[in-house]
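Peer 1: Structure for this input, please:
(one chain, ligands or ions: 1)
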Amino acid sequence: MSEQYLQTDILIVGGGMVGAAFACACLGKGWRIALVETREPQRSWPAGEVDLRVSALNRASQRILERLGVWDRILALGASPYREMRVWDAVGGGTIHFDSAELGESDLGHIVENRAVQLALWECLESSDDVTLHCPAGLEDIELTTDAALLDLTDGRRIGARLLVGADGRDSQVRGRAGIATRGWLYDQHAIVANVQTKEWHRETAWQRFLPTGPLAFLPLLDGRCSIVWSVTASRADELLGLGEEDFRLQLEEAIDGRLGAIGEIGPRAAFELRMQHAEQYVKPRLALIGDAAHAVHPLAGQGVNLGFLDAAALAAALDEARDSRRDIGGLRTLRRYERARRGDNILMLAAMDGFKRLFSNEVAPLAIARSAGLSMVDRLAPIKHFFMRHALGLGDDIPPLARP
Ligand SMILES: Cc1cc2nc3c(=O)[nH]c(=O)nc-3n(C[C@H](O)[C@H](O)[C@H](O)COP(=O)(O)OP(=O)(O)OC[C@H]3O[C@@H](n4cnc5c(N)ncnc54)[C@H](O)[C@@H]3O)c2cc1C
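Peer 2: Prediction:
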């Protein structure tokens, strides 16, 4: 490795939830780690304020964050458990109800603010001598050689690493500069998010109504409000964002079928463009992609960051094994173990979310009747329903050690 470059073992680009979790999973193992992030994480916010960006974390993610020693801090910053989930179809009338008690679990997961998860992970990184944080800094150039990844940063530093990890989100520069193509498409859907007050208590339940224009979810927050994720066509999103509060309230009440009574105060609204995207490769010699840099999925089942945490855990497991058997952590043999562990699982989830999105966007009468009948039938078939619940909770057998009970 050239002497012009600061030398490190693992260099992570992107310190969002997934990149920071992966960095935490690498601590205490004798590796020198560098993390490059363009934006400082938010350090504080007014008491009682809930951010627009929240995620539903499942049990597997909770276990990973517990093992990394940050879960208690996330709970202290505020996390709302949801114990039930009610899903219904606006067109055919089919319904399905998931209850954590049926599986003997205390909850189906937690709704957490993304910034709280990121902050807890950064505090963990800042308390370690193993990691150097380069923030704010971005990428200027990348060169992958046979024995190192060489990076030029925007702050003028040059870093050489045995392994480069791209955790820089769905528009990943690392992926682009490494010449890794993606497959996928834009959904012509945008997700509108906002925090809203409802007359009736959310009952620690995640509510989701499938409308022909896209799903609408009400996720329970700790303060009694709900975080909404409303997927609509791009033009409808513009229209909804442009409405005054009163008109937006009426449209929202109608869209959720009045399930939670009258809607009260509505916080600021924002919209996110949705796409389905999958990297053709997750690894190359000296390089691995994790989280949204590798895959972006429709938020209708709240799986994006849950898949990303499993990537982080699986890559950490592959590196542990390489270390134990004195293999190169940036070599293809090591990195392919990670890719094999995650790619198939992610493809299944991407295909399932895409299938759901298409199935529920279809108003053709026989299809609408069949899918509603299917929902209600699965609701009555306990073994199948429990299989779906276990999978959504991330309780399958084939999961990386950090996510196991
Ligand atoms: C409306 C909506 C609702 C969602 N709800 C859920 C949910 O309920 N549950 C769930 O599991 N998932 C959900 N998701 C998906 C989830 O938000 C993403 O999967 C998750 O944020 C991905 O995390 P990440 O760390 O991989 O990427 P990101 O969150 O995109 O983080 C990437 C980081 O890299 C940094 N970065 C980017 N480029 C560079 C660069 N060149 N140099 C240095 N740093 C860089 C960025 O600043 C950022 O901090 C939702 C998504 C949307 C849009």
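Peer 1: Name the nearest residue to residue 317, ignoring sequence neighbours.
Peer 2: residue 400 (4.6 Å; Cβ to Cβ, 6 or more residues apart in numbering). Every C-beta, even on glycine, is put in place using the N, C-alpha and C of the backbone.
Peer 1: ugh, typo on my part, it should be residue 373
Peer 2: residue 94 (6.2 Å).
Peer 1: which bits of the stretch 1-150 of the chain sit near the ligand?
Peer 2: Within the stretch 1-150 of the chain, the positions lying close to the ligand (Cβ under 6 Å from any ligand atom) are 13-19, 36-39, 55-56, 138-139.
Peer 1: Checking residue 209 next. Helix, strand or coil?
Peer 2: Secondary structure, DSSP: H, G, I helix; E, B strand; the rest coil: residue 209 is strand.
Peer 1: That one: neighbouring residues, count only.
Peer 2: The local packing of residue 209 (other Cβ atoms under 10 Å) involves 20 other residues.
Peer 1: Quickly note the distance from it to residue 90.
Peer 2: Noted for residue 209: a distance of 6 Å to residue 90, by Cβ to Cβ, to the nearest Å.
Peer 1: what touches both of those two?
Peer 2: By Cβ atoms under 8 Å, 6 or more residues apart in numbering, residue 209 and residue 90 have these common neighbours: residue 257.
Peer 1: how close does the residue nearest to residue 373 get to the ligand?
Peer 2: For residue 94, the distance to the ligand equals 23 Å [Cβ to the nearest ligand atom, to the nearest Å].
Peer 1: Residue 262 too?
Peer 2: For residue 262 relative to the ligand (Cβ to the nearest ligand atom), the value is 24 Å.
Peer 1: Find the nearest non-adjacent residue to that residue, please.
Peer 2: What sits nearest to residue 262 in space, not counting adjacent residues and going by Cβ to Cβ, 6+ apart, is residue 199, at 4.4 Å.
Peer 1: Please read off the pLDDT at that neighbour from the model.
Peer 2: Looking at residue 199, its pLDDT reads 97.
Peer 1: same check, this time on the one 10 residues further on
Peer 2: What the model reports as pLDDT for residue 209 is 94.
Peer 1: How about residue 364?
Peer 2: Turning to residue 364, the model gives it a pLDDT of 60.
Peer 1: Can you tell me which of the residues of the stretch 1-150 of the chain next to the ligand end up in strands?
Peer 2: If you go by DSSP state E, those have 13, 36, 55-56, 139 in strands.
Peer 1: of all those, which two lie farthest apart?
Peer 2: Greatest spatial distance among these (Cβ to Cβ): 56 and 139, at 30.7 Å.
Peer 1: Verify the stated contact: the residue nearest to residue 262 with residue 265.
Peer 2: No - contact criterion Cβ atoms under 8 Å: residue 199 and residue 265 do not qualify, at 11.2 Å.
Peer 1: Now do the contacts for the residue nearest the centre of the chain.
Peer 2: The chain has residue 305 as the residue nearest its centroid, 1.6 Å off, counting by Cα atoms, centre = their mean. By Cβ under 8 Å, 6+ apart, the contact set of residue 305 is 17-18, 55, 57, 61, 114, 291.
Peer 1: tell me which strands and helices the longest strand anywhere in the chain is in contact with?
Peer 2: Using DSSP E to define each element, the chain has its longest strand at strand 182-198. Strand 182-198 sits against strand 214-220, strand 226-233, helix 234-242, strand 263-266, strand 270-279, with contacts defined as 3 or more Cβ pairs under 8 Å, 6 or more residues apart in numbering; DSSP states H and E.
Peer 1: Okay, now the sheet partners of it, with direction.
Peer 2: strand 226-233 (antiparallel), strand 263-266 (antiparallel), strand 270-279 (antiparallel) (DSSP bridges).
Peer 1: following the least confident helix or strand in the chain by mean pLDDT, which helix or strand comes up?
Peer 2: Sorting the helices and strands of the chain by mean pLDDT, DSSP states H and E puts helix 365-380 at the bottom, at a mean of 68. Following helix 365-380 in sequence order, the next helix or strand is helix 382-393 (DSSP states H and E).
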